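> Build the 3D model from these lines:
(4 chains)
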Protein chains: 4
Amino acid sequence: MSNEVGLNECCDNPAKAGRKTKKDPIRVKVRDIEIGGRDIIVIAGPCAVESMEQLTETAVSVRNYNAKILRGGAFKPRSSPYSFQGLGEEGLVMLREISNITGMPVVTEVMDTRQIEMVCKYADMLQIGSRNMQNYPLLKEAGMAYKPVLLKRGMMATIEEFLLAAEYILSQGNEQVVLCERGIRTFETATRNTLDLSAVPMLKHLSHLPVIVDPSHGTGLRWMVPAMAKAAIAAGADGLIMEVHYRPEEALSDGKQSLDLNEFRQLMKDLTKIATAVDRSI
Amino acid sequence: MSNEVGLNECCDNPAKAGRKTKKDPIRVKVRDIEIGGRDIIVIAGPCAVESMEQLTETAVSVRNYNAKILRGGAFKPRSSPYSFQGLGEEGLVMLREISNITGMPVVTEVMDTRQIEMVCKYADMLQIGSRNMQNYPLLKEAGMAYKPVLLKRGMMATIEEFLLAAEYILSQGNEQVVLCERGIRTFETATRNTLDLSAVPMLKHLSHLPVIVDPSHGTGLRWMVPAMAKAAIAAGADGLIMEVHYRPEEALSDGKQSLDLNEFRQLMKDLTKIATAVDRSI
Amino acid sequence: MSNEVGLNECCDNPAKAGRKTKKDPIRVKVRDIEIGGRDIIVIAGPCAVESMEQLTETAVSVRNYNAKILRGGAFKPRSSPYSFQGLGEEGLVMLREISNITGMPVVTEVMDTRQIEMVCKYADMLQIGSRNMQNYPLLKEAGMAYKPVLLKRGMMATIEEFLLAAEYILSQGNEQVVLCERGIRTFETATRNTLDLSAVPMLKHLSHLPVIVDPSHGTGLRWMVPAMAKAAIAAGADGLIMEVHYRPEEALSDGKQSLDLNEFRQLMKDLTKIATAVDRSI
Amino acid sequence: MSNEVGLNECCDNPAKAGRKTKKDPIRVKVRDIEIGGRDIIVIAGPCAVESMEQLTETAVSVRNYNAKILRGGAFKPRSSPYSFQGLGEEGLVMLREISNITGMPVVTEVMDTRQIEMVCKYADMLQIGSRNMQNYPLLKEAGMAYKPVLLKRGMMATIEEFLLAAEYILSQGNEQVVLCERGIRTFETATRNTLDLSAVPMLKHLSHLPVIVDPSHGTGLRWMVPAMAKAAIAAGADGLIMEVHYRPEEALSDGKQSLDLNEFRQLMKDLTKIATAVDRSI
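Predicted coordinates:
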């Protein structure tokens, strides 16, 4: 049995996400920021938008420490219906406002085909989360939107299925897709998920799309984020998406895996050295 | 570390899917068929609705061999965007027609919040598939529909997450939910998935909802379906959902795991003996 | 990609464990007990041999309730070096004595090549445990012993690796091997392991060796053992191995998954009905 | 449920492998080479010792490119009994000879308690492989040997079980143990195993023992080894063990994952930059 995925062999039609049809790596543009070039792009911000104060304090700081894109959830997919579900459109309004103030483009998650139109009014990039990686109607709608898409790998998805999910977007005409490794589910319980960094070289081998890594969800442990962020860049990732909160201990969700502002500042310094070591910049 | 799931401990609110709030097992009614009683209910039919001929021949036969509910997909979630995606509303029309002719209620998958209203016009029971087990907007909409729901376990969902997904439906007021174990993803590749039959006693231990098993997707191997169908009943399942096709070798999807009519007839005989051995009927 | 294991294709030499070289299922003889025939063989006893009283009370009872072979560990593989490691040769002496009194053959685990000769003096069947499924020197030594071998599947071994491990024994000339499914490691934590009952039909499809199931280790939950024992027989298993203790709450190891004598008696009654339903006896 | 392993909470006795009893990281000495200090130690060599020519050519080159310890298997654990099993003592003799010529210490795998005495005559460090991580008699014997031990994580072992396996060695009095992450088994089949680099910071967090990484077995793909080797150093590993062969296409085992001499030379250059970026040397 071969150890290598043959993406083009598993589809009847030539796969747009595969390397064979499009040899050169592409760059995905989020307003004026390019993902997939020599620059490593760091996306940072809180798990969920909670208030203007929280968002402003966090956004201004991460921008000053060189993050290029702001993240923040307005619609939160939570395992329990009784957990905090996000601020909805009110959160999107805040994201837009902060984006205008700071000049940072914003990426936010969309969970429902009926939300896409609204989210597109406020966001610069659409995120499709892990749990929705095989929500095909959602992928198709994202494929028809005029926004770049950040597609996160399902926690149970093989590399092949991940690329086929991207294919659903590409096949609708939207080629601006960034792939994001965020940890897979395994038997190990010491970390929240098992961050599969081998996905980085594998995806870049099989596809022309940029690949970034989410060490916050990938580990679930704040103290472990820096080590895995550095490893991701060394493995060849084009960027990182990380949860940063101005007061992690007060976060309404994912506080345990959010860096505080000082930790983020220090990490960005360390990442610069790794980027240089792999002939890239940050 | 405890080996047992404490559903009620993992939520702030009392979980409606858990045993503590509702001691007695409930029965879910699909028209005149009750799931969760002494009778073991067999749901059978093709993976996808392909034509009136295919549907009629299959439906009439499985009814004669004692299947109680007809299954058939009109909207098919496929890993590749280039695979057959189902007949859509045309397929739903056929399902309704055959249902009226044979008197069997029909269950069919819904994948998109925007489809629910239409699917409710034709179907007697809504199926939410594995890939959408954590599609929360879809679960909520299903919770507001006046139809019983067949909720399939995600292929990488824990028992706890499975019950919390059911909770999304129940929390909207719809208590007519049937849980379906259909195989989880493991390292083993000899079978398509690993059918986790221990989920049957575990779910019945933790919840008052009926539990059925899908040995077709659970194994992916036609010849293995009978053994696992028998095992499911012996383990305490309230029913089975199986793929049956009048000509499996010509099926547009999942032919490899579909029983033909003769195999189904023989299996139903064998299942009757197992049902008797566990003091149930079929 | 094929879903089916091709055992003979993965080896250069024809595999002795595979069906192609030896078409008919074989029977493994443990003194006068045959595993692999019409009779379903139940192996029962405590996890570890603790004392003559414990062993006698348990053995006499399980024999009266129709267990055919006695199990009990003298050398216990424990994750921590500080846990109870078994009584060693003293435990083997007790096993032999009880075997002589009750007339039941005994099976016990061997962990070290240097122990085999000693264990063979006392035991009627050698057990090679999960953690040692790929301990090749041990497998080879067992292949040279004149005793039947009970080989347990590694908790993360594929079906193919399991059969290749059996091949190590068979290739040394010992063809008396019984395969035992005992649960695999998956992401699910509600049960101790995930009992993979599809391994039963798969192993019987690929090999001529008898297959039994261990629902005690497979679930880790005493209350779940009966459901899974019944399911195993319905799936086609040739036997069961179960932990039974006269006082589970006082057991030095695995008390949580041990049946007490009453539970065992009741289960044996229920199993008789399932055995009849699949045209076998117990 | 906590995401963090509490090693000391899972044992009755204080665990020697855990941080609480021994605060400072230790260094393991293999002759004059120290693992666990500022220097990152690279162990390189062929999967199996095949001939003096193969071993000499490979060893001299990897030493010139700055590898510090030579690896090479004389006893090979193979899934099939019909695969090449290694040269045995003849291979050990060659390893000793090359070690004397090149001045590099050698590490080689031991699989059987009966082999330890012999292997200790030739090798400078004992390797206990993945499949034997829970072979407790072997661990205990290694704990009584006067040689440092390289312990590889089982492909199915949690971090906790890995540390408890180390504990078996330490509890016998041998404290010279190096832990090695080498990939775990998951559902993903694109790579041979899933290299769990989060194990590096986690093990260093929980234990005082040095941690190295095996990207050859961890990926199974020669072209992917450099990316993951760099990532391992960035994540904080104290060293690497890699398969290098002077003619990978002719290797008797693991040729697909072995670097050739040029690839190794280039990789060592790249690793030097990463080491500098994390304030270490190579």
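> now whatever residue of chain A ends up closest to chain B, nearest residue through space, not along the chain?
When scored by CB to the nearest CB, chain A has A:Met156 as its residue closest to chain B, at 3.1 Å. Using the backbone N, CA and C atoms, a C-beta is placed for each residue, glycine as well. For A:Met156, ignoring the flanking residues on the chain, the nearest one in space by CB to CB, 6 or more residues apart in numbering or on different chains is B:Met156 at 3.1 Å.
> ditto for A:Gly154
Using CB to CB, 6+ apart and skipping the chain neighbours, the partner closest in space to A:Gly154 is A:Met133 (3.6 Å).
> how many neighbours does that neighbour have?
Close neighbours of A:Met133, defined as other CB atoms under 10 Å in any protein chain shown, add up to 25.
> quick one: contacts for it?
A:Met133 makes contact with A:Leu151, A:Lys152, A:Arg153, A:Gly154, A:Ala157, A:Glu161, A:Phe162, A:Ala165, according to CB atoms under 8 Å, 6 or more residues apart in numbering or on different chains.
> Would you quantify the distance from it to B:Pro215?
As judged by CB to CB, to the nearest Å, A:Met133 and B:Pro215 stand 26 Å apart.
> Repeat that for A:Lys147.
In this structure, A:Lys147 and B:Pro215 are 42 Å apart, going by CB to CB.
> between those two, which one's more packed in?
Neighbour totals were compared for A:Lys147 and B:Pro215, and B:Pro215 leads with 31 against 18 (other CB under 10 Å).
> What sits closest to the more buried one if chain neighbours are left out?
Counting by CB to CB, 6+ apart, B:Met228 is the residue found nearest to B:Pro215 once chain neighbours are left out, at 3.9 Å.
> chain center to the helix or strand that neighbour falls within, what's the gap?
Here B:Met228, judged by DSSP states H and E, is contained in helix B:225-234. Chain-centre distance of helix B:225-234: 15 Å, with CA atoms, centre = their mean, to the nearest Å.
> and what of stretch A:124-143?
Centre-to-centre, stretch A:124-143 and its host chain are 12 Å apart (CA atoms, centre = their mean).
> Let me know the next secondary structure element after the helix or strand where A:Met242 lies.
Assigned by DSSP H and E, A:Met242 belongs to strand A:239-243. For strand A:239-243, the succeeding helix or strand toward the C-terminus, using DSSP H and E, is helix A:261-277.
> Which neighbouring elements make contact with that following helix?
strand A:41-45, helix A:52-64, helix A:225-234, helix D:261-277 (3 or more CB pairs under 8 Å, 6 or more residues apart in numbering or on different chains; DSSP states H and E).
> Quick one: those as CSV, columns for distance to A:Met118, mean pLDDT and mean neighbour count too.
Shown next, in CSV, are the helices and strands packed on helix A:261-277 (distance: least, CB to CB, whole Å; pLDDT from 0 to 100; neighbours: other CB atoms under 10 Å in any protein chain shown):
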stretch, distance to A:Met118, mean pLDDT, mean neighbour count
strand A:41-45, 20, 98, 27
helix A:52-64, 19, 96, 19
helix A:225-234, 31, 98, 28
helix D:261-277, 43, 98, 18
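> is it true that A:Leu240 touches A:Ser216?
No - taking contacts as CB atoms under 8 Å, A:Leu240 lies outside contact range of A:Ser216: 9.1 Å.
> So if I had to pick from those two, which one is more boxed in?
Set side by side, A:Leu240 and A:Ser216 show more neighbours around A:Ser216, with 30 against 27, by other CB under 10 Å.
> and the gap between A:Arg247 and chain C?
32 Å (CB to the nearest CB, to the nearest Å).
> For A:Val211, which residues count as its bridge partners?
Beta-bridge pairing for A:Val211 (DSSP bridges): A:Leu179.
> Now for it, how many residues are close by?
A:Val211: 25 neighbours (other CB under 10 Å).
> pLDDT wise, what is it at?
At A:Val211, the model reports a pLDDT of 98.
> now do A:Arg185
Listed pLDDT for A:Arg185 reads 96.
> so it touches C:Thr189, yeah?
No - using CB under 8 Å, A:Arg185 is not in contact with C:Thr189, being 11.2 Å away.
> ok, those two, which is more surrounded?
Neighbour count, other CB under 10 Å: between A:Arg185 and C:Thr189, A:Arg185 has more, with 22 against 18.
> mind listing what that one touches?
Taking CB under 8 Å, 6+ apart, one finds A:Met155, A:Met156, A:Asn193, A:Thr194, B:Met156, C:Phe187 in contact with A:Arg185.
> Repeat that for A:Val211.
Counting by CB under 8 Å, 6+ apart, A:Val211 has contacts A:Val178, A:Leu179, A:Cys180, A:Glu181, A:Ala199, A:Val200, A:Leu203, A:Lys204, A:Gly236, A:Ala237, A:Asp238.
> So what's the gap between stretch A:153-173 and the chain middle?
For stretch A:153-173, the distance to the chain centre is 14 Å (CA atoms, centre = their mean).
> can you pull the buried residues of that stretch?
Buried residues in stretch A:153-173, counted by 16 or more other CB atoms under 10 Å in any protein chain shown: A:153-172.
> hang on, the residue of chain A closest to chain B is in a strand, isn't it?
No - A:Met156 is assigned coil when assessed by DSSP: H, G, I helix; E, B strand; the rest coil, not a strand.
> isn't it right up against A:Ile184?
Yes - contact criterion CB under 8 Å: A:Met156 and A:Ile184 qualify, at 7.1 Å.
> any common contacting residues for the two?
Shared contacts of A:Met156 and A:Ile184, defined by CB under 8 Å, 6+ apart, are found at D:Phe187.
> how about the residues of chain A near chain C?
Within chain A, the residues that sit near chain C (CB under 8 Å from any CB of the partner chain) are A:Met1, A:Arg185, A:Thr186, A:Phe187, A:Thr189.
> Can you tell me the strand partners of the strand holding A:Met242 and which way each runs?
Using DSSP bridges, strand A:239-243 pairs in its sheet with strand A:41-45 (parallel), strand A:211-213 (parallel).
> Need the residues that contact that strand.
So strand A:239-243 is contacted by A:35, A:40-47, A:71, A:107, A:150, A:178, A:180, A:210, A:212-217, A:225, A:229, A:232-233, A:254, A:257-259, A:264, A:271 (CB under 8 Å, 6+ apart).
> Give me the neighbour count for A:Glu117.
Using other CB under 10 Å, A:Glu117 is surrounded by 11 other residues.
> next SSE after whatever helix or strand it lives in?
Using DSSP H and E, A:Glu117 sits in helix A:116-122. Sequence order places strand A:125-128 as the next helix or strand after helix A:116-122, per DSSP H and E.
> centre of the chain versus the next helix or strand after that following strand, how much separation?
Next helix or strand after strand A:125-128 toward the C-terminus (DSSP H and E): helix A:136-144. With CA atoms, centre = their mean as the basis, helix A:136-144 stands 17 Å off its chain's centre.
> Specify the local secondary structure of the closest residue to A:Leu252 other than its chain neighbours.
In space, and not counting its chain neighbours, A:Leu252 is closest to A:Phe84: 4.9 Å by CB to CB, 6+ apart. Assigned with three-state DSSP, A:Phe84 falls in the coil class.
> Sounds good, over and out.
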